[in-house]
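Asker: got a structure for you, letters missing:
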C-alpha cells in the first residue's frame, strides 16, 4: 500500500496546531480568570448562623467602599495575653477554620479568623494583588483598635502566609508565625502547574516581605508536604534570613496536618506560654 506522505504530514500538522490552540486558549483563560483557580472559597448565606462550643464574636470589618470582610473573634476563658490574627488557606471559610480556635485560646490568646473577599459571608472578589494587601492592612488596623500592638501575633497558613508576612512587614506585631509558607506565590504556582510564570498576575513575594519584618519569625512546615515543598519554599526563606527565622519541621505531617500534631502543639505552647525570649531559646532545639 502506498503511503501519501503529504496527506499524513498535513494531518499531523493539523493535530499539532489544534493542540497548540487548545493550550493557548487555556493560557488565555487562566490569565483572565486565574482568581477562580487560586481561590477556592466556600460561600455562606448572609443569614448563616455560626455555632461553636466556645464564646465568639462575629464582626464585619470595612476594607473598601461597599466591601466588608466577615470575621470571628474567639475569646480565651481566662485573662487574655493578646490576640492572634489568623490568615487562613485558600479553601473553605471561617465556619470551618474557626474549629481550631481552642488550640490558641487554651493558651490564653484570643484569635481572630477573617474571611477574604468572596469567602463565607465576606463581600466582593479579588481582581488585583494590591487589594489583598489593602485588606490585610485594614484588618490589622481594626485589631489595633482593640489590642495594643505589642500583644498582636500574626499567623498565616498556606495562601495566608503571604498576607501575614506582608502585614508583619508593614507593622510592628509581637511575633509572626508562618505555617507551610511559599517563597513567592508565582514561583509556587509555576512549580506545580504547567503555567508560564509570566502569566501569573499575583506575585505575593514572601521572601521580600520578610526582609522588612522586625519581629521574630517562626516557620512550621510538614516534612511530608507534597503541595508546598519545604525545600523549595520555607527552607529557602530560612537560608535568606538565618538569624531572623526559626524553622521547625513537623515530622510526618502533610500540608494540612501540621496543627494536629503533638510536636506542633508542644512547640506552640512554649511560644505562647513563655516570655518571648524564653520561647525563642527553648525552641532552638526543634529547628531543622
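Answerer: The structure has been received and is ready for your questions. Please read all numbers here as calculations on a predicted model, not as lab measurements. Residues are numbered from 1 along each chain as shown.
Asker: number of nearby residues for the closest residue in space to residue 99 that isn't next to it in sequence?
Answerer: Nearest residue to residue 99, sequence neighbours excluded (Cβ to Cβ, 6 or more residues apart in numbering): residue 52, at 7.4 Å. Backbone N, C-alpha and C define where each C-beta goes, glycine included. Neighbours of residue 52 under the rule other Cβ atoms under 10 Å: 13.
Asker: for residue 52, report the pLDDT, please.
Answerer: Residue 52 carries a pLDDT value of 95.
Asker: just the element for it, please.
Answerer: Applying DSSP states H and E as the criterion places residue 52 outside every helix and strand.
Asker: quick thing: my sequence starts at 214, can you match it?
Answerer: Will do, 214 is the new start, and the previous item becomes residue 265.
Asker: what residues are up against it?
Answerer: For residue 265, the contacting residues are 287, 311-312, 314, by Cβ atoms under 8 Å, 6 or more residues apart in numbering.
Asker: go on, residue 295?
Answerer: With contact set as Cβ under 8 Å, 6+ apart, residue 295 has these partners: 322-323, 360-361, 363-366, 387.
Asker: just flag the most distant two among those residues.
Answerer: With distances taken as Cβ to Cβ, the most widely separated pair in those is 323 and 363, at 14.6 Å.
Asker: who's more crowded, these two?
Answerer: More crowded of residue 323 and residue 363, by other Cβ under 10 Å: residue 323, with 24 against 10.
Asker: coming back round to it: compare the contacts of residue 265 and tell me which is most surrounded.
Answerer: Neighbour tally across the contacts of residue 265 (other Cβ under 10 Å): the maximum, 27 neighbours, falls on residue 314.
Asker: about what we covered before: tell me how far the residue nearest to residue 312 lies from residue 470.
Answerer: Counting by Cβ to Cβ, to the nearest Å, the separation of residue 265 from residue 470 is 22 Å.
Asker: same thing with residue 424?
Answerer: Where residue 470 is concerned, residue 424 sits at a distance of 30 Å (Cβ to Cβ).
Asker: settle it for me: which of those two has more neighbours?
Answerer: residue 470 (15 against 12).
Asker: so the more buried one touches residue 434, yeah?
Answerer: No. Between residue 470 and residue 434 there is no contact under Cβ atoms under 8 Å: 11.3 Å.
Asker: now do the shared contacts for these two.
Answerer: Residues touching both residue 470 and residue 434 by Cβ under 8 Å, 6+ apart: residue 463.
Asker: got the domain ranges for the protein?
Answerer: If you go by automatic domain parsing, the domain ranges for the chain are 214-246, 253-499.
Asker: point out the most buried one among these.
Answerer: Across the domains of the chain, averaging neighbours per residue (mean count of other Cβ atoms under 10 Å) puts domain 253-499 on top, at a mean of 18.
Asker: how far does it sit from the chain's center?
Answerer: The chain centroid and the centroid of domain 253-499 are separated by 5 Å under Cα atoms, centre = their mean, to the nearest Å.
Asker: flag the shaky bits of the stretch 264-413 of the chain, pLDDT-wise.
Answerer: Within the stretch 264-413 of the chain, the ranges that satisfy pLDDT under 70 run 406-412.
Asker: show me the helices in it, by range?
Answerer: For the stretch 264-413 of the chain, helices defined by DSSP state H, counting those that start in this stretch occupy the ranges 307-310, 315-318, 342-357, 372-383, 398-405.
Asker: nearest to residue 444, out of those?
Answerer: helix 398-405 (10.9 Å).
Asker: between helix 342-357 and that closest one, find me the angle.
Answerer: On the basis of axes from the mean of the first three to the mean of the last three Cα atoms, to 10 degrees, helix 398-405 is oriented at 120 degrees to helix 342-357.
Asker: immediately after helix 398-405, which helix or strand?
Answerer: Downstream of helix 398-405 (by DSSP H and E), the next one is helix 419-423.
Asker: outside of that next one, which residues touch it?
Answerer: So helix 419-423 is contacted by 374-375, 378-379, 381-382, 391, 394-398, 430, 449-450, 453-454, 457-458 (Cβ under 8 Å, 6+ apart).
Asker: residue 468 and residue 324, how far apart?
Answerer: Note on residue 468: its distance to residue 324, by Cβ to Cβ, is 21 Å.
Asker: residues contacting residue 431?
Answerer: Here residue 431 is in contact with 388-391, 458-459, 461, 484, 496 (criterion: Cβ under 8 Å, 6+ apart).
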